[in-house]
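1. what's the 3D shape of this:
(chains A and B)
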Amino acid sequence: MSTSNLSEWITAQREQRTLHDWIQDLGPFVMLFGLMITFTFTTERFFTEGNLLDNVAKNAVTLLLVALAGTFPILQQSIDLSVESVVLLTGVVTVVLISQFGLGLLAIPLAIGVGMLAGLFNGIVFTKLKVPSFLVTLGTLSVMAGVGKIITGGSTITFRNPAIRTISTGDVLGIPNLVLWGLLIYVGTIVLAFRTKFGRYCFALGENERVVELAGAKVDRYKIYPFVLSGLLCGIAGVLLTLRISSASPNIGSGLLLPSIAAIVMGGTALTGGVGGPHRTILGVLVIAVLNNGMNLLGIDSFVQEIILGLVVVAAVALSIDREKIDVVK
Amino acid sequence: MASETYTEEMNADQANPAGGNDHSFRVEGISKSFRHVQALKDVSLAVDHGEVIGLVGENGAGKSTLLNILTGVLEADEGQLYVDGEAVTFTNPREAANYGVSLVHQEQDVITTMRGYENLYLGREMEQFGVLKKEQMREEAQAFVDDLGINIDVDERVRNYTFNERQMLEIAKAFHVSQKSENPVILLDEPTAGLEESGRKILFDLVNDLRDRATFVFVSHELDEVLQISDRIYVLKDGERVDDTTVAEATTESLQQAMVGRETADEYYRVPDQQREADLGETTMTVDEVVHEDTVGPISFSLREGEIFGIVGVEGSGKQRFGRLLAGDLDTMQGSISVDGTTLQSPTVSDMVDAGVGYIPKDRKSEGLLLYQSVLVNTSLAMVRDMNGNMPLLDLDAEEEATLDAIEELSIKTPGPNALVHGLSGGNQQKVVIARWLAQETPVLVMDNVTRGIDVGAKEEVYRLCRELTDQGVSIVFIGDELPEVIGMSNRIAVMAKGEFVGEPFDASPGNKPTEEDLIQEMI
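-> Below is the predicted model:
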């Protein structure tokens, strides 16, 4: 082949790949609209403003934040399994700081700071002690859940401060604050992923750490940041959730891990790292939120819902895995 | 060429199988196209028992497509394969292996966590009631490799093998999968890429020893190697067989001309463009008594602006480690390196990049490139580190501009800045690695075998680029396994052995270049 033929050949290869990508790219959209149409016709309440905004959107925000948190470690080919415990811990800390220490608004940055510290700890153990991230975070998942539960003393703790609650429960022009926070942070993570050095290195580290190192990046530092960001976002999720219900139970946040990872992978971020991004994670979140809501409206037994959710997760992951990438990492 | 008649003669024999002079392996009129691109056009070749056949051509000439067709990975659009006179069709590599045709891959295809014999039997394990007969496999495997004259311990884990031993294992595996066949045909795809001098010798000795037991097809970029090992050479260009010549009639020049269709003379390394000593600038890097554990050093030298400093040495001489040391990639270092007045002790890669030293590793696929990221991301990977005065935000316009400049300046053949590096040819991939340091305007480049595994055309462009860079005052540490290349390119050449420089570096100014023999004498 001459060189011009070669580039034609490359273009042809890319065209072929794109066709495959199209199917993969459109998968979550098709699923989301399919579910929405199904529920619109099978239930009366689904397609109403009240339901979509108050139930689907509000409930989706916590999952969205946790899934965005989990996206960055996965992009760099590690994983944060401790997300739901960070939500628990920061939620509990928020309540305690407001009700027992009377810190008011100051409780919010402090609680989020606790989340970031937890992330920093994960990141440092992972990077400096070279413990696989899934092990570190599996450990801290358990540790932080235990700490959080001890603080609650085993029962739901509450606070009374209606003014602070409006951060989460108020609305602007009819749109719930909670949803606005979610969207704001969503846009923020997209900027982080595609417009900053941090985001660039995340993708690059996810593909080949050696190459990034030899290009002169301070690799260790950039491997820790995603965990700190994860702690930050989970902290925000914990705070918003607690403010919304003005209490924290020993089980707050539990059950978020599986759907969050499912949402990330469904969105197109491969568990093998380097491809995808937070912009698509929202699709997976919406699929799960709509599915949950629709099944509730249909009156499906909650245990049966668990089974269905699990099956959907496995199917979605199987369909959206980037086979080409797997071939590369073996 | 004279070869025309040769082939016709062979075909005449073939028409009469009773003559008993069957070719071991023959392909006739193979064509293959991918969409609208013709990768192979009416290619015929014939291989006799005991022959070693060279197959050369630029990247994209169709060598890989041909190998894939011969081993059943791809199916030809037209044409026919014959093994010992019998017409055959392969639909997968296993069928090809049953007829004795197997391929030793360019990228080593062994599982490093398994033992040698397990690799040898991979997919064809001996078992009884579902239990592996390990002992028997181990013994038979050892006997098998011993019989081939291959000196490896099959009970050892492959990750403990040297690069060379892994290749030997692959060759043994090729024999092993085709042991049913009386005369195996073993296709060696770029077998010497990544091997150093001593490894090549072992490989060539093995091929020579096994000549009467198999037919080899040897695919390589390195023409002198092909000339050294082959009996006959086929040349592919743009998917067509343009030449078929015996070794006696061929020279490096004649093959090169057939491959690229242009004259390549002494001008190849652009020696006349080399910076004269009088034109060299200030000292830009000084290496002072550096030592790494007991593998490198003590070494001292200094580099001037516009200079190319060559480093050669046998495998294990420490030249590659020394390159890594200059890149800041070794954990510990005694002594110091000064770059433009900054003195560094035990620097990290990041420190060296800050000081202005860029490293181009030997293995671009595992250390040089993010294959599934775009040309742009790869090109700007170093420059993003201190964009916008160390602010976290990227300057996307600057990245794109730098990438487009690099694509033009290095004539990188890519559909665009956003195309994935994975789809580019080896030569263009390597240009992307170089582009990364150009975008960063790095004054000192450490290159480890920068032209490894790229075709002649791309090599020439890399040489041109090196000359242009040195014109602009960039200095290059040029580490290489190819002696003629290092001699042609360098202003001075240091020979390394046992981690140290042997004597004073050779002067290699134009007209005063050392010969290969001069260097080899110091190397061993």
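2. Against residue A:261, how distant is the residue positioned nearest the centre of chain A?
-> The central residue of chain A, meaning the one whose C-alpha is nearest the mean C-alpha position (Cα atoms, centre = their mean), is residue A:67 at 0.7 Å. As judged by Cβ to Cβ, to the nearest Å, residue A:67 and residue A:261 stand 8 Å apart. Where C-beta positions appear, they are placed from N, C-alpha and C, glycine not excepted.
3. Residue A:236: helix or strand, and which one exactly?
-> Here residue A:236 sits within helix A:219-245, counting by DSSP states H and E.
4. Which pLDDT value goes with the closest residue to residue B:478 other than its chain neighbours?
-> Leaving aside its sequence neighbours, residue B:478 sits nearest to residue B:310 (Cβ to Cβ, 6 or more residues apart in numbering or on different chains; 4.8 Å). Reported pLDDT at residue B:310 in the predicted model: 93.
5. before we move on, what about residue B:451?
-> Looking at residue B:451, the pLDDT reads 87.
6. secondary structure class for the closest residue in space to it that isn't next to it in sequence?
-> With Cβ to Cβ, 6+ apart as the criterion, residue B:451 has its nearest non-adjacent residue at 4.6 Å, and that residue is residue B:459. Secondary structure assignment for residue B:459 (DSSP: H, G, I helix; E, B strand; the rest coil): helix.
7. And residue B:459, how far from chain A?
-> For residue B:459, the distance to chain A (Cβ to the nearest Cβ, to the nearest Å) stands at 14 Å.
8. Poorly predicted segments of chain B, please.
-> B:1-22, B:35-37, B:59-60, B:106-108, B:194, B:260-267, B:388-390 (pLDDT under 70).
9. Return the nearest residue of it with respect to chain A.
-> Nearest to chain A in chain B, going by Cβ to the nearest Cβ, is residue B:353, at a distance of 3.0 Å.
10. At the contact with chain B, which residues of the stretch 51-200 of chain A appear?
-> A:195-198, A:200 (Cβ under 8 Å from any Cβ of the partner chain).
11. By neighbour count, which of the residues you listed wins?
-> residue A:200 (24 neighbours; other Cβ atoms under 10 Å in any protein chain shown).
12. Contact residues of the stretch 201-350 of chain B facing chain A?
-> B:238-239, B:327, B:329, B:348-350.
13. Low-confidence ranges, chain A, go.
-> Within chain A, the stretches with pLDDT under 70 are A:1-24, A:317, A:319-330.
14. Need the phi and psi values for the residue of it found nearest chain B.
-> Residue nearest to chain B within chain A: residue A:216 (3.0 Å; Cβ to the nearest Cβ). Main-chain torsions, residue A:216, degrees, to the nearest 10: phi 100, psi 10.
15. can I assume it is in contact with residue B:356?
-> No: assessed by Cβ atoms under 8 Å, residue A:216 is found out of contact with residue B:356, at 10.6 Å.
16. Tally up the residues packed near the nearest residue to residue B:416 once chain neighbours are set aside, please.
-> Nearest non-adjacent residue to residue B:416, counting by Cβ to Cβ, 6+ apart: residue B:375, 7.7 Å away. Using other Cβ under 10 Å, residue B:375 has 28 other residues around it.
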